[in-house]
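Asks: With the input below, show me the fold.
(chains A and B)
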There are 2 protein chains.
Amino acid sequence: MTDEEKALIEKLRVKPGEKIRLRDRDARDKSLFADEQETRIATEALSREIDVLQDRLYAEGSRALLVVLQGTDTSGKDGTIRSVFNATGPLGVSVHAFGPPTKLELAHDFLWRVHAVCPRRGTIGIFNRSHYEDVLIGKVRKLAPKEVIEQRYEQINAFEKTLAENGTTILKFMLHISKDEQKERLQDRLDDPTKHWKFNPDDLEDREHWDDYQDAYETMLHRCSTPWAPWHIVPADRKWVRNAAIAGIVKATLADMNPQYPKVSWNPKDFSLR
Amino acid sequence: MTDEEKALIEKLRVKPGEKIRLRDRDARDKSLFADEQETRIATEALSREIDVLQDRLYAEGSRALLVVLQGTDTSGKDGTIRSVFNATGPLGVSVHAFGPPTKLELAHDFLWRVHAVCPRRGTIGIFNRSHYEDVLIGKVRKLAPKEVIEQRYEQINAFEKTLAENGTTILKFMLHISKDEQKERLQDRLDDPTKHWKFNPDDLEDREHWDDYQDAYETMLHRCSTPWAPWHIVPADRKWVRNAAIAGIVKATLADMNPQYPKVSWNPKDFSLR
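Replies: Take a look at the predicted model:
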């Protein structure tokens, strides 16, 4: 890992047990990267390196990478996926978006539907929202009793540890945007008719609970950033900063995993093609 | 649909009930497209148009597109996915590769595992191999009794009709390569150590059955190209021809579906953001 990569991770990663105050983190921060144009070009290069590394991961066939994206409405989860993972493409990456649970899903424990779609070995899986909704909206909207929510943090940590011990590297990113930036992005959806379908009047109700959500995020970051599944707080008001930070950490992590083309048990000279 | 698009489809689409002789179809054919460099650039543009159309498909949320890719080893199924669908990316496209069925899958009818992974509304699903393996390798290697294989053609047609009538547009592409071209591509996997993992000594056994496979493909093309799920025979010895043909047909089909941004039931002026 390069010194720049180490510094990037050091700056964004939440240490196990660390207390987080999101209002102390500047969502508009761009100090991580010097120049916007240069950074955009570097991000494109990173996305191509991720593609090459995923190819080796697939060839190796024994490990997976799970990327969890969480963030409030309009924080840019979809945009991140496009910028960082389109170069790898649907052949190596699968995305799962978690909406409100169905009746069937509610008839199971909250991790059931999540476990079912974890990435298979050799691939990168992306969660667009995730099991963390059950300690975010679940907590803010009181969808479960307090004691039940309380138990979930440790249940999540245990679940993620099992995944990690069975070959899945986990990276979690909280896309941190400011309330002002969200306002602009929601207004944009109201102003542009081709974006009306993205606007959900219910989102405004979530916005009313902004402070409660920030609290819930802080608790989640504090309690569920573990050595085997760390959280990163990504300044996300500027899309190019957000993309560069996530691409950098994903690439550094994959390079560190260092997947290998498997040794084959045969000698290429033994085959002559007819 | 433009005249060029109509001509492309007319040339490659198998008419319902049409008898096919693959040896009469030139896998190296490039007469569909004039200039290689120009065609490559046009294919890139098409892949971006497919992305835009998929975005509208997602917004509309009521229909899906299923793309079935079949072809012998090394025919370029993975390469097609990259060239045609990376611009859309994993957010809008999911790929399912069908390997040998598991014990659980074999305990069900052959369409069970296929139905489970059909694309959800708003998305493009790609099958990398498919239920057609059950009338290809299934037939050549005699994995089921003759009468059972025989019944499958109509079962497949009925299954695909149900999908189509419930909002899934289906396009099927047979990537047609010559035996000589396969030899070169297999040799390349033997010569390049980073490709050794892609080489499976068992593939040579399939190559021994080349003529039987071509026969099985001909029967499949003859019996399962329907108005609701047409087969296309794509000359695939030249990758740029293969990519251009498939991108052209996918784009024309999506444009013809003409997905619409949904009307919303609220007035944007009724909301003021705080």
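
Asks: and A:S75, how many residues sit next to it?
Replies: By the other Cβ atoms under 10 Å in any protein chain shown criterion, the neighbourhood of A:S75 contains 24 residues. For glycine as for every other residue, the C-beta is placed from the backbone atoms N, C-alpha and C.

Asks: Over to A:L104?
Replies: Neighbours of A:L104 using other Cβ under 10 Å come to 9.

Asks: now the helices for the stretch 1-150 of chain A?
Replies: A:3-12, A:36-60, A:77-85, A:103-106, A:112-115, A:137-140, A:146-165 (DSSP state H, counting those that start in this stretch).

Asks: and the stretch 151-274 of chain A, which residues reach chain B?
Replies: Proximity of the stretch 151-274 of chain A to chain B, by Cβ under 8 Å from any Cβ of the partner chain, involves residues A:183, A:186-187, A:190-191, A:193-194, A:196-199, A:201, A:204, A:207, A:261-262, A:264, A:266, A:268, A:271, A:273-274.

Asks: Could you say which of the helices of the stretch 1-150 of chain A is packed most deeply?
Replies: helix A:77-85 (a mean of 22; mean count of other Cβ atoms under 10 Å in any protein chain shown).

Asks: Which neighbouring elements make contact with it?
Replies: helix A:36-60, strand A:64-71, strand A:124-128, strand A:168-176, helix A:239-257 (3 or more Cβ pairs under 8 Å, 6 or more residues apart in numbering or on different chains; DSSP states H and E).

Asks: Reformat the ones you listed as CSV; add distance to B:M174 and mean pLDDT.
Replies: Shown next, in CSV, are these (distance: least, Cβ to Cβ, whole Å; pLDDT from 0 to 100):
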stretch, distance to B:M174, mean pLDDT
helix A:36-60, 25, 97
strand A:64-71, 32, 98
strand A:124-128, 30, 98
strand A:168-176, 36, 98
helix A:239-257, 35, 98
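
Asks: With distance to A:R82 as added columns, please give these in a markdown table.
Replies: Listed next are the helices and strands packed on helix A:77-85 as a markdown table, based on distance: least, Cβ to Cβ, whole Å:
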| stretch | distance to A:R82 |
| --- | --- |
| helix A:36-60 | 10 |
| strand A:64-71 | 12 |
| strand A:124-128 | 11 |
| strand A:168-176 | 14 |
| helix A:239-257 | 9 |
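
Asks: Which one of these lies nearest to B:K161?
Replies: strand A:124-128 (32.7 Å; Cβ to Cβ).

Asks: anything in that closest one near chain B?
Replies: Yes: on the criterion Cβ under 8 Å from any Cβ, strand A:124-128 is in touch with chain B at A:I126, A:N128.

Asks: Contacts made by that strand with the rest, please.
Replies: A:54, A:57, A:64-69, A:77-78, A:81, A:85, A:88, A:92-98, A:114, A:117-119, B:90-91 (Cβ atoms under 8 Å, 6 or more residues apart in numbering or on different chains).

Asks: Using CSV, write out the CA atom coordinates for that strand.
Replies: Taking Å, rounded to 0.1, in the frame of the first residue of the first chain, the C-alpha atoms of strand A:124-128 are listed here in CSV:
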residue,chain,number,x,y,z
ILE,A,124,-17.5,-7.9,-5.9
GLY,A,125,-20.9,-7.4,-4.3
ILE,A,126,-22.3,-3.9,-3.6
PHE,A,127,-25.0,-3.3,-1.2
ASN,A,128,-27.0,-0.1,-2.0
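
Asks: From the contacts of strand A:124-128, list the buried ones, please.
Replies: With burial judged by 16 or more other Cβ atoms under 10 Å in any protein chain shown, the buried subset of the contacts of strand A:124-128 is A:54, A:57, A:64-69, A:77-78, A:81, A:85, A:88, A:92-96, A:98, A:114, A:118-119, B:90-91.

Asks: how about the residues of the stretch 1-150 of chain A that lie near chain B?
Replies: A:59, A:78, A:81-82, A:85-91, A:93-95, A:126, A:128.

Asks: Nearest to A:E105, out of those: which one, please.
Replies: Closest to A:E105, out of all of the residues of the stretch 1-150 of chain A next to chain B and judged by Cβ to Cβ, is A:N128, at 16.1 Å.

Asks: For the closest one, which non-adjacent residue is spatially closest?
Replies: A:A97 (4.2 Å; Cβ to Cβ, 6 or more residues apart in numbering or on different chains).

Asks: Over to A:K19?
Replies: A:K19's closest residue in space is A:H222 (Cβ to Cβ, 6+ apart), at 5.7 Å.

Asks: try A:Y153
Replies: Using Cβ to Cβ, 6+ apart, the closest residue to A:Y153 is A:R223 (4.3 Å).

Asks: what about the one helix or strand that neighbour maps to, distance to the chain center?
Replies: A:R223 is part of helix A:210-224 when elements are defined by DSSP states H and E. Using Cα atoms, centre = their mean, to the nearest Å, the mean C-alpha position of helix A:210-224 is found 16 Å from that of the whole chain.

Asks: That one vs strand A:168-176, what angle?
Replies: 150 degrees (axes from the mean of the first three to the mean of the last three Cα atoms, to 10 degrees).

Asks: Okay, buried residues for helix A:210-224 please.
Replies: A:Y213, A:Q214, A:A216, A:Y217, A:E218, A:T219, A:M220, A:L221, A:H222, A:R223, A:C224.

Asks: Can you report how many residues lie near A:R120?
Replies: What A:R120 shows, counting by other Cβ under 10 Å, is a neighbour count of 11.

Asks: try the one 5 residues further on
Replies: Using other Cβ under 10 Å as the criterion, A:G125 is surrounded by 20 other residues.

Asks: What distance do you get for the spatially closest residue to it that is not a sequence neighbour to chain B?
Replies: Among residues not flanking A:G125 along the chain, A:P119 sits closest, at 2.8 Å (Cβ to Cβ, 6+ apart). Computed with Cβ to the nearest Cβ, to the nearest Å, the distance linking A:P119 and chain B is 11 Å.

Asks: now A:P101
Replies: From A:P101 to chain B the distance is 16 Å (Cβ to the nearest Cβ).

Asks: give me phi/psi at that residue?
Replies: phi -60, psi 150 (degrees, to the nearest 10).

Asks: So it is in contact with A:R113, correct?
Replies: Yes: using Cβ atoms under 8 Å, A:P101 is in contact with A:R113, at 6.7 Å.

Asks: Contact partners for the nearest residue to A:Q214 once chain neighbours are set aside?
Replies: Nearest in space to A:Q214, with sequence neighbours left out and distances taken as Cβ to Cβ, 6+ apart, is A:L22 at 5.2 Å. Residues near A:L22 by Cβ under 8 Å, 6+ apart: A:H176, A:Q214, A:Y217, A:E218, A:I233.
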